[in-house]
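1. got a predicted model here, sequence first, then my questions.
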Amino acid sequence: MEAHAMEHGHGAPKGITRWLTTTNHKDIGTMYLWFAGAMFLFAGLMAMGIRAELFQPGMQIMSPEFFNQLTTLHGLIMVFGAIMPAMAGFANWQIPLMIGAPDMAFPRMNNWSFWILPAAAILLVLSMFVPGGAVATGWTLYPPLYIQGGISYDLTIFAVHILGASSIMASLNIITTILNMRAPGMTMMKMPLFVWTWLITAFLLIAVMPVLAGAVTMLLTDRNFGTHFFDAAGGGDPVLFQHVFWFFGHPEVYILILPAFGLVSTVIPTFARKPLFGYSSMVYATASIAILSFLVWAHHMFTVGMPTAGQLYFMYATMLIAVPTGVKVFNWVATMWKGSLTFETPMLFAIGFVSMFTIGGFTGLVLAMAPIDIQMQDTYYVVAHFHYVLVSGALFAIYAGVYYWLPKWTGHMYNETLGKWHFWLSMISFNVLFFPQHFLGMAGMPRRIPDYALQFTEFNQISSIGGFMFGASQILMLIVIVQAIRGGKKAEAKVWEGAQGLEWTVASPPPYHTFETAPEVK
């Protein structure tokens, strides 16, 4: 009765209380997405500070320490504050709808896993304002750099703990929901691919977040309680931290990108007007990527002096991940092949994702080769590689998903013209920003430095101009979203006209079908 009264607005909390106490998966999904958007803009401003400093050689507008603090916080906030919460927002909104569940399995825990995120964000931001400023180690927090950093290092460690706890709670919720709350007839191999990618991602999170917690706890005790896990003078080993950190860090990269695969696998079939090609191979490829991600961590560490046999193993294991990833790209292209394609904004971002993510994949294959990686390690080539994977990869997929579901979420169509402008400006400026960094890296420019030799000036200037363009063009997205929330053309029941037969991708609960063929259009 109480739930019924709440649903129909009798005695339902209003205003801020509604958002603080909500257990509704849609409300919580919305909060995750807004939080991610705010953090994205905040960390983006830091990136623009970095690019402003690098516009020309010499020290322009900040101290080297502050520059390094910006690189640390930009990385931590983008990974834990922007991409992961955005993907969690999609999971909360869409998974119950896609599998025909009334809500998430643990609604109160769902609320809690969101509301501890702003606390962690406050701790991270506060670390800039304590004596000594934020940690200047880069997002990887490597020892022995922890000797500097004062109390900000402890604040950062605490923030990472809270972020990890949030991820674990959200993952338990997602796994329980998917395994136990599917509608009758919704077998595992009939679930939309987005649900599969999140199920696998949630298992990854539960496996690796405690590893990160262990690594930062050892840092904490080294700093404050006289242990020597990573202190060579006390018999510890700084390289041990790298092993523990990257055992978390490499699966983390796939935690960021697997839900993006699911988003793109939802958008492309809709606008190609045919079912996803190779559904079961996509599921197996996703699972293979997840398993292999645990076996390749030390490719981040080819330069630490590991034995040749270790280098060979990690090189071959890393190159193996290209196989299931290639299967996915093939399937996306095959889905579009001979489809009845239209190019609305979500489809543009999905195609942008496939093409740019493939470039990121190729540069990853280059860096997998130990002899090349030893030359490229800690240069801008690596920076270019992972931004191709995480910006034109994860971020573009998030954009595709937002444009795709915005009419469903708000009840209003978004402004298609502004959406297309947002895509083209983002796509062009992204490449102007990151493509030259491949050349800088090959020429030997190290990353995480505020000053550089004169011969790197031109490429850095091109890169910085691209950075400011990219930053500015994200304001369009904000305008589009606010306009759609405030009103505009009413969304149809079948939003993407002509793709009606494939609206099963957002049905609640989904109609019965085999996923081998599109349901008949009534």
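-> All right, it came through fine.

2. and the longest helix anywhere in the chain, how far from the chain's centre?
-> For the chain, the helix reaching the highest residue count under DSSP state H is reported as helix 238-272. Here the centre of mass of C-alpha atoms in helix 238-272, compared against the chain's by Cα atoms, centre = their mean, to the nearest Å, lies 7 Å away.

3. quick check: mean pLDDT of that helix?
-> Helix 238-272 shows a mean pLDDT of 96.

4. what is whichever helix or strand comes after it packed up against?
-> If you walk from helix 238-272 toward the C-terminus, the next helix or strand you reach (DSSP states H and E) is helix 279-292. If contacts are counted by 3 or more Cβ pairs under 8 Å, 6 or more residues apart in numbering; DSSP states H and E, helix 279-292 sits against helix 193-224, helix 238-272, helix 322-336. (C-beta placed from N, C-alpha, C; glycine too.)

5. and the first one, what does it pack onto?
-> Secondary structure elements in contact with helix 193-224, counted by 3+ Cβ pairs under 8 Å, 6+ apart, are helix 84-99, helix 150-180, helix 238-272, helix 279-292.

6. export the last one to CSV, keeping only CA atoms.
-> Translated: helix 279-292. Coordinates of the C-alpha atoms in helix 279-292 are reproduced here as CSV (Å, rounded to 0.1, in the frame of the first residue of the first chain):
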residue,chain,number,x,y,z
TYR,A,279,24.9,-11.9,-30.8
SER,A,280,26.4,-14.9,-29.0
SER,A,281,29.9,-14.2,-30.3
MET,A,282,29.6,-10.7,-28.8
VAL,A,283,28.7,-12.3,-25.4
TYR,A,284,31.7,-14.7,-25.6
ALA,A,285,34.0,-12.0,-26.8
THR,A,286,33.1,-9.7,-23.9
ALA,A,287,33.7,-12.6,-21.4
SER,A,288,37.0,-13.4,-23.1
ILE,A,289,38.2,-9.8,-22.8
ALA,A,290,37.2,-9.7,-19.1
ILE,A,291,39.2,-12.9,-18.4
LEU,A,292,42.2,-11.9,-20.4
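
7. angle of that helix against helix 193-224?
-> Using axes from the mean of the first three to the mean of the last three Cα atoms, to 10 degrees, the interaxial angle of helix 279-292 with respect to helix 193-224 works out to 10 degrees.

8. okay, Trp115: pLDDT?
-> Confidence score, pLDDT, at Trp115: 97.

9. would you say it is within a helix?
-> Yes. Under the criterion used here (DSSP: H, G, I helix; E, B strand; the rest coil), Trp115 sits inside a helix.

10. could you number the chain from 24 rather than 1 from now on?
-> In the new numbering, first residue 24, that becomes Trp138.

11. nearest spatial neighbour of it, skipping sequence neighbours?
-> When the adjacent residues along the chain are set aside, Trp138 lies closest to Leu43, with 7.3 Å between them (Cβ to Cβ, 6 or more residues apart in numbering).

12. and Val518, which of the helices and strands packed on helix 216-247 is closest to it?
-> Judged by Cβ to Cβ, the one of the helices and strands packed on helix 216-247 that comes nearest to Val518 is helix 261-295, at 9.2 Å.

13. got the angle between that closest one and helix 173-203?
-> For helix 261-295 and helix 173-203, the angle between their directions (the same axes, to 10 degrees) works out to 50 degrees.

14. pLDDT weak spots in the chain?
-> 24-34, 171-172, 520-545 (pLDDT under 70).

15. buried residues, the helix or strand harbouring Ile374. List them.
-> Secondary-structure assignment from DSSP H and E places Ile374 in helix 368-391. Of the residues in helix 368-391, 368-377, 379-384, 386-388, 390-391 count as buried by neighbour count, 16 or more other Cβ atoms under 10 Å.

16. which residues touch the next helix or strand after it?
-> Once the chain leaves helix 368-391, the next helix or strand it forms, by DSSP H and E, is helix 393-399. Contacts made with helix 393-399 from outside it, assessed by Cβ atoms under 8 Å, 6 or more residues apart in numbering, are listed as 322, 325-326, 334-335, 337-338, 389-390, 405, 464-465.

17. backbone dihedrals for Asn438, both of them.
-> Main-chain torsions, Asn438, degrees, to the nearest 10: phi -80, psi 100.

18. that one and Val262: what is the separation?
-> Using Cβ to Cβ, to the nearest Å, we find Asn438 at a distance of 52 Å from Val262.

19. over to Phe457?
-> Between Phe457 and Val262 the computed distance is 30 Å (Cβ to Cβ).

20. neighbour count winner among these two?
-> Phe457 (25 against 17; other Cβ atoms under 10 Å).

21. and the helix or strand encompassing Met465 with helix 368-391, angle?
-> Under the criterion of DSSP H and E, Met465 resides in helix 439-466. Counting by the same axes, to 10 degrees, helix 439-466 lies at 10 degrees to helix 368-391.

22. ok, then the element right after helix 439-466?
-> Next in sequence after helix 439-466, counting helices and strands by DSSP H and E, comes helix 480-509.

23. the residue nearest to Trp138 touches Trp135, doesn't it?
-> No. Under the criterion of Cβ atoms under 8 Å, Leu43 makes no contact with Trp135, lying 11.1 Å away.

24. of these two, which one has the most company?
-> Using other Cβ under 10 Å, the more surrounded residue of Leu43 and Trp135 is Trp135, with 16 against 11.

25. the more buried one: what's its closest spatial neighbour, skipping adjacent residues?
-> Nearest-residue entry for Trp135: Met192, 6.6 Å, with adjacent residues in sequence omitted and distances by Cβ to Cβ, 6+ apart.

26. how many residues are close by that neighbour?
-> What Met192 shows, counting by other Cβ under 10 Å, is a neighbour count of 18.

27. any idea how far it is from Ala111?
-> As defined by Cβ to Cβ, Met192 lies at a distance of 10 Å from Ala111.

28. over to Gly362?
-> Between Gly362 and Ala111 the distance is 31 Å, computed by Cβ to Cβ.

29. quick one: which of the two has more around it?
-> Between Gly362 and Ala111, counting by other Cβ under 10 Å, Ala111 is the more crowded of the two (32 against 15).

30. just give the nearest non-adjacent residue to Ala514, would you?
-> Spatial nearest neighbour of Ala514, chain neighbours left out: Pro430 (3.6 Å); criterion: Cβ to Cβ, 6+ apart.

31. kindly report the same for Val346.
-> Nearest non-adjacent residue to Val346, counting by Cβ to Cβ, 6+ apart: Ser311, 7.7 Å away.

32. the longest helix of the chain - contacts with which helices or strands?
-> Applying 3+ Cβ pairs under 8 Å, 6+ apart, one finds that helix 261-295 contacts helix 107-122, helix 216-247, helix 302-315, helix 345-359, helix 368-391, helix 403-412, helix 419-433.

33. distance from the chain centre to the third one, please.
-> Here the centre of helix 302-315 is set off from its chain's centre by 18 Å, with Cα atoms, centre = their mean.

34. buried stuff in it?
-> By neighbour count, and taking 16+ other Cβ under 10 Å as the criterion, the buried residues in helix 302-315 are 302, 304-306, 308-313, 315.

35. and which of those residues is nearest to Glu275?
-> Ala313 (11.9 Å).

36. contacts only, for the closest one.
-> For Ala313, the contact set (Cβ under 8 Å, 6+ apart) comprises 223-224, 226-227, 274, 277, 281.

37. neighbour-wise, which of these leads?
-> If you rank the contacts of Ala313 by neighbour count (other Cβ under 10 Å), Thr224 sits at the top with 30 neighbours.

38. which non-adjacent residue is nearest it?
-> Leu281 (4.7 Å).

39. quick check: which of the helices and strands packed on helix 216-247 is buried the most?
-> helix 107-122 (a mean of 26; mean count of other Cβ atoms under 10 Å).

40. now do it against helix 419-433, angle only.
-> Relative orientation of helix 107-122 with respect to helix 419-433: 50 degrees, computed using the same axes, to 10 degrees.

41. quick one: distance of helix 107-122 to the chain centre.
-> Relative to the mean C-alpha coordinate of its chain, helix 107-122 is positioned 13 Å out (Cα atoms, centre = their mean).

42. run a quick neighbour tally on Ala236.
-> Ala236: 18 surrounding residues under other Cβ under 10 Å.
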